[in-house]
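A.B. asks: Here's my sequence, what's the structure:
(chains A and B)
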Amino acid sequence: MSIRRNTNLGAQAERVRQTTAALLSRCWQWGARRRPFSKGNQAATTAAADIWSTRLDEEKQALLSLIHSMETEFLATGEGLVRLSRQLNGIQQVSQSLSELTMGQAEDAAVQFAFQLLKKAEDLVLASYDQYDYVFASFAELQQRLAQLATQHNDLIRVLQPLQFITTALRIEASRQPREVQEVFVTLATDLNQTVSEVRATLERQFDGLAEGERIVQALIAQISASILEHRQEVTAALGMSRDHLRALGEALANSGAGAADLSRLNQKIRRHIGGIVMAQQCQDITRQKIDHVGEAMDEMRAHLDETRPAGSAVAPDPRPFVFHAAQIQLQQIQSVFGELNRAADGLTSGIESLRTDAGAATEAAVKVGGTTLDAKVASLCEAGIAGILKIVEEAVQRIAEILSAFAPLQASFVNCTAKATELAGNVRHAALNGQVFAIHAPHGATLEVLASRVSAVSDEAIAQVQQMGAALNHTGELVNNLQQRLTDFQQLGQAEQEVLSEESTLSRKKLAELEQSIPVLIQRITAHQADFAQSVEAVLAKVQFPVTVAESRSRSLGFFNDLVAWCGPHDTDAPIDAEASTKIEALKAYYTMASERHAHTTAFQPAAVGAAGPAIALFDEMSAPSPEPVALPREFSAPVERSQVPVSPADLVVEVSVHRTSTPEVFREKSAANAEMGENVELF
Amino acid sequence: MTTNTNVTWVEVVRLPIAKTQDVLLARFVGRDEATKMGFPPEILTRVATVISETTRNVIQHAGCAGEIQMGRIADGDKHGLRVVVSDKGRGFEHPERFMADSKTDALGAGLPGSRRLVDGFNVQSAPGTGTTVTMEIWEKATT
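C.D. replies: This next block holds a predicted model:
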């Protein structure tokens, strides 16, 4: 047997199901609406409903008051935060100036300039020492050569010594000759004796002069040598002291710079704390809408409660099932709202604590920065040190000039000495030649001729000796000449260098003086700003009542809704409620879906709403000022967001949150763990 | 900040660096050359300073004599002074690390301090092969 397939069976079953559901629904609605209170309960319920209606209104007003107080507080603290932000900008600017001055990274920075100047002065001093060393070495060589010359002089005198005996022999031999021959040779002997005497006297005089010059130079050299020793110690001490001063100044400046950088970093942290506080306070933007919805639901509940008053003889429906469901939804919502507010309050509290702590640390850092540099007042000492070095350099150059002037007469002595000795030796030889000529013409002049040739030989030997002396003297003269030339060159170079260094020293003094004047001013400014800032922080924080208010309101509001649910709970809460109430409950639930919130905020986020924004709290403008270190925060907040002073509409706040969210700085993203809920809410918009 | 190898370069002077006096002479000549080129006083001071710093390094650290070359450079309409200080002495490792300011102890002086004072700076060095420092200062300093 085959079963015939009925293709309409499904459609028929669906029609039956729909019809049955509609019938049951109508029956349920009719039954629910028409179910009267028992006469005894109605009066009590109506009285209780009246009380709850009043309490609902009071709670609603309390919640709205909470929102209003949060808004008012936000505006009040917002102004304070703007002031703080402005003060921070001021401190940052001064810190930046201080950093630039102290870190010495600029071209020709004062301390570096002074240090380089010191090194250049040291070069000049060291080069002067090189000259002294050269002078000492040259003088030692000169003394050796003078000793050789003295030996040569003695040799010459020894060479000339036989002439005395020869001239005596000439006189004796001449006495045997005719008168005219006798006269010639006596005259010759006399001339020779005179010449030899003159040679001796002249050479001795010249050598005495030379020795005198040597003694003068030696004394000068000894004097210079002694003073150079002292000078070196003095220079070493002065250079060491100047280096120490400059190093101390550099370290003090580095400390100040590091302190300023620390201060800058702390102020950046403070800036982030302020941002965190602002973000925490902005949670009212989100909660306000939810509390508005709660308020509307409370109105609905009040309307239901008010329906319990019988109109005429009609029996009013029991409001408690609806109120029970509605109150439960509101309780959940209120818990959620206060959960958010609590987290915001926690964030705010921790932000305030951090702000207070870091503001205190920043004040201490500012005081430390001030103390470091003001104590280190070494710029003047550095200036004095450099001036001292330049004075030493001047003395060194002056001493070179003194050495030059001491060597000048010595060199003149050399020239005179060689010229005279050569001339006198030539005279002796000339006389000897004359004697030889006369001896040849004398009748018995063989002996005379021998004697004259002997004189000639002595004179030749003397001339050779003088020539050697001349060569030695010339060599010594060249030594002195070279020394003079070298010292003259160095003196010119040293003087030119000294002039340049003096000019640079003036510039350096100016730079150091500016540094010395500028830094305390900046530090005083920072210290004063930071102290003002610390006071402002306390003044602003004193206005923040948000966490306390939220805690109180939470306790009260949750207690109220729990009581309300409890009032409705023992009764027939499972009883069906009418369709209209059911729809309202569904609507209440739908109020709190993400889609609904998004729609509400989209509606609020209209150009008209944005345009309606009143006078601005330019908090984020203030925070966007440049700071010494690149920090994301100011740039992130560069888009100014305006909000009305009184009252702030939720739409304005939504706009603000939205704009901020699009460029939420990293620092806030890092805090997302603590503000996760708030972050999600912000994400909505 | 490196020196430009594509510029034209005419050597003007070459001096030995063996004694402290040579440091003075080198900076005197460098200053003189920069004066002839019409550099303003503050640049003259910089020229003298960088020459001092680099030639002093030769005296103090190279362990042998070196030399300094100075010359005029041109790049199109731009004119400048190039100073090359070289030695074949000890040299040192990792000049780029040495040039980091944090490595210096003399208040930012020395080579890093010199680098801040010039428009172009290049240092080449290796242990045992010596050191060559090339510096350029241009008219209307770009620093």
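
A.B. asks: which residue sits closest to residue 126, ignoring its sequence neighbours?
C.D. replies: This is for chain A. B:Thr20 (4.3 Å; CB to CB, 6 or more residues apart in numbering or on different chains). Any C-beta I mention is one placed from the backbone N, CA and C, and that applies to glycine too.

A.B. asks: that's the other chain; I wanted chain B
C.D. replies: Nearest non-adjacent residue to B:Ala126, counting by CB to CB, 6+ apart: B:Gly91, 5.1 Å away.

A.B. asks: Assign a three-state SS to B:Gly38, would you?
C.D. replies: Three-state assignment for B:Gly38 (DSSP: H, G, I helix; E, B strand; the rest coil): coil.

A.B. asks: Secondary structure class of B:Gln69, three-state.
C.D. replies: Following three-state DSSP, we place B:Gln69 in the strand state.

A.B. asks: can you give me phi and psi for A:Gln282?
C.D. replies: In terms of degrees, to the nearest 10, the main-chain angles of A:Gln282 are phi -70, psi -10.

A.B. asks: quick one: A:Tyr134 and chain B, what's the gap?
C.D. replies: Applying CB to the nearest CB, to the nearest Å, the value for A:Tyr134 to chain B is 9 Å.

A.B. asks: How about the contacts made by that residue?
C.D. replies: Neighbouring residues of A:Tyr134 by CB atoms under 8 Å, 6 or more residues apart in numbering or on different chains: A:483, A:486.

A.B. asks: what do you get for A:Leu160?
C.D. replies: Contacts of A:Leu160 by CB under 8 Å, 6+ apart are A:196, A:199-200, A:428, A:458, A:462.

A.B. asks: what do you get for A:Gly360?
C.D. replies: A:Gly360 is in contact with A:Ala534, counting by CB under 8 Å, 6+ apart.

A.B. asks: for the record, mean pLDDT for stretch B:41-48?
C.D. replies: The average pLDDT for stretch B:41-48 rounds to 91.

A.B. asks: Pull out the buried residues from that stretch.
C.D. replies: B:43-48 (16 or more other CB atoms under 10 Å in any protein chain shown).

A.B. asks: Stretch A:495-506 too?
C.D. replies: By neighbour count on 16+ other CB under 10 Å, the buried set for stretch A:495-506 is A:495, A:497-498, A:500-501, A:504-505.

A.B. asks: A:Thr447 is in contact with A:Gly435, correct?
C.D. replies: No: assessed by CB atoms under 8 Å, A:Gly435 is found out of contact with A:Thr447, at 11.8 Å.

A.B. asks: Which one's more surrounded, those two?
C.D. replies: Neighbour totals were compared for A:Gly435 and A:Thr447, and A:Gly435 leads with 29 against 17 (other CB atoms under 10 Å in any protein chain shown).

A.B. asks: list the contacts for the closest residue to the more buried one other than its chain neighbours?
C.D. replies: Leaving aside its chain neighbours, A:Gly435 sits nearest to A:Ala452 (3.4 Å; criterion: CB to CB, 6+ apart). Counting by CB under 8 Å, 6+ apart, A:Ala452 makes contact with A:170, A:188, A:432, A:435-436, A:438-439.

A.B. asks: So which of the buried residues of stretch B:41-48 sit within helices?
C.D. replies: The helices, defined by DSSP state H, take in B:43-48 from these.

A.B. asks: just these now: which is nearest chain A?
C.D. replies: When these are ranked by distance to chain A (CB to the nearest CB), B:Thr45 comes first, at 6.0 Å.

A.B. asks: Those residues of chain A touching chain B, which are they?
C.D. replies: Within chain A, the positions near chain B by CB under 8 Å from any CB of the partner chain are A:104-105, A:107-109, A:111-112, A:115-116, A:119-120, A:123-124, A:126-127, A:129-131, A:246-247, A:250, A:490, A:493-494, A:496-497, A:500, A:504, A:507.

A.B. asks: residues touching the closest residue in space to A:Ala76 that isn't next to it in sequence, list them.
C.D. replies: Spatial nearest neighbour of A:Ala76, chain neighbours left out: A:Lys543 (5.2 Å); criterion: CB to CB, 6+ apart. Applying CB under 8 Å, 6+ apart, we find A:Lys543 in contact with A:73, A:76-77, A:80.

A.B. asks: Please repeat the previous calculation with a cut-off of 10 Å.
C.D. replies: By CB atoms under 10 Å, 6 or more residues apart in numbering or on different chains, the residues touching A:Lys543 are A:72-73, A:76-77, A:79-80.

A.B. asks: Same question for A:Asp532.
C.D. replies: Taking CB under 10 Å, 6+ apart as the criterion, A:Asp532 is in contact with A:83, A:87, A:90-91, A:363.

A.B. asks: What are the phi and psi values at the residue nearest to B:Ala126?
C.D. replies: Backbone torsions of B:Gly91, given as degrees, to the nearest 10, read phi 70, psi -180.

A.B. asks: That one: neighbour count?
C.D. replies: Using other CB under 10 Å, B:Gly91 has 19 other residues around it.

A.B. asks: close enough to count as contact, it and B:Gln124?
C.D. replies: Yes: between B:Gly91 and B:Gln124 there is a contact at 9.1 Å, judged by CB atoms under 10 Å.

A.B. asks: what sits in contact with each of the two?
C.D. replies: The contact sets of B:Gly91 and B:Gln124 overlap at B:130-132 (CB under 10 Å, 6+ apart).

A.B. asks: Output the residues you listed in TSV; the columns should cover secondary structure, pLDDT and distance to A:Ala237.
C.D. replies: Listed next are the shared contacts of B:Gly91 and B:Gln124 as TSV, based on DSSP: H, G, I helix; E, B strand; the rest coil; pLDDT from 0 to 100; distance: CB to CB, whole Å:
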residue	secondary structure	pLDDT	distance to A:Ala237
B:Gly130	strand	92	35
B:Thr131	strand	93	32
B:Thr132	strand	94	36
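
A.B. asks: quick one: which of the residues you listed has the most company?
C.D. replies: B:Thr131 (24 neighbours).

A.B. asks: Okay, now the unreliable bits of chain A?
C.D. replies: Along chain A, segments meeting pLDDT under 70 span A:1-42, A:102-108, A:284, A:308-316, A:367-386, A:389, A:411, A:418, A:570-577, A:591-685.

A.B. asks: ignore the last one, chain B
C.D. replies: Chain B contains residues with pLDDT under 70 at B:1-5, B:100-109, B:141-143.

A.B. asks: Show me what from it comes close to chain A.
C.D. replies: By the rule CB under 10 Å from any CB of the partner chain, the part of chain B lying against chain A is B:19-25, B:27-28, B:31-32, B:41-42, B:44-46, B:48-53, B:55-56, B:59, B:101, B:105-110, B:112-114, B:116-118, B:141, B:143.

A.B. asks: ChimeraX command for the buried members of these?
C.D. replies: To isolate the buried subset of these in ChimeraX, counting by 16+ other CB under 10 Å, use the following:
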select /B:20,21,22,23,24,25,27,28,31,32,44,45,46,48,49,50,51,52,53,55,56,59,106,107,108,109,110,112,113,114,116,117,118,141
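
A.B. asks: so of the residues of chain B next to chain A, which ones are in helices?
C.D. replies: Taking DSSP H as the definition of helices, the residues of chain B next to chain A contribute B:20-25, B:27-28, B:31-32, B:41-42, B:44-46, B:48-53, B:55-56, B:110, B:112-114, B:116-117.

A.B. asks: helix or strand for B:Arg6, which one?
C.D. replies: Actually, residue B:6 is Asn rather than Arg. For B:Asn6, there is no host helix or strand (DSSP states H and E).
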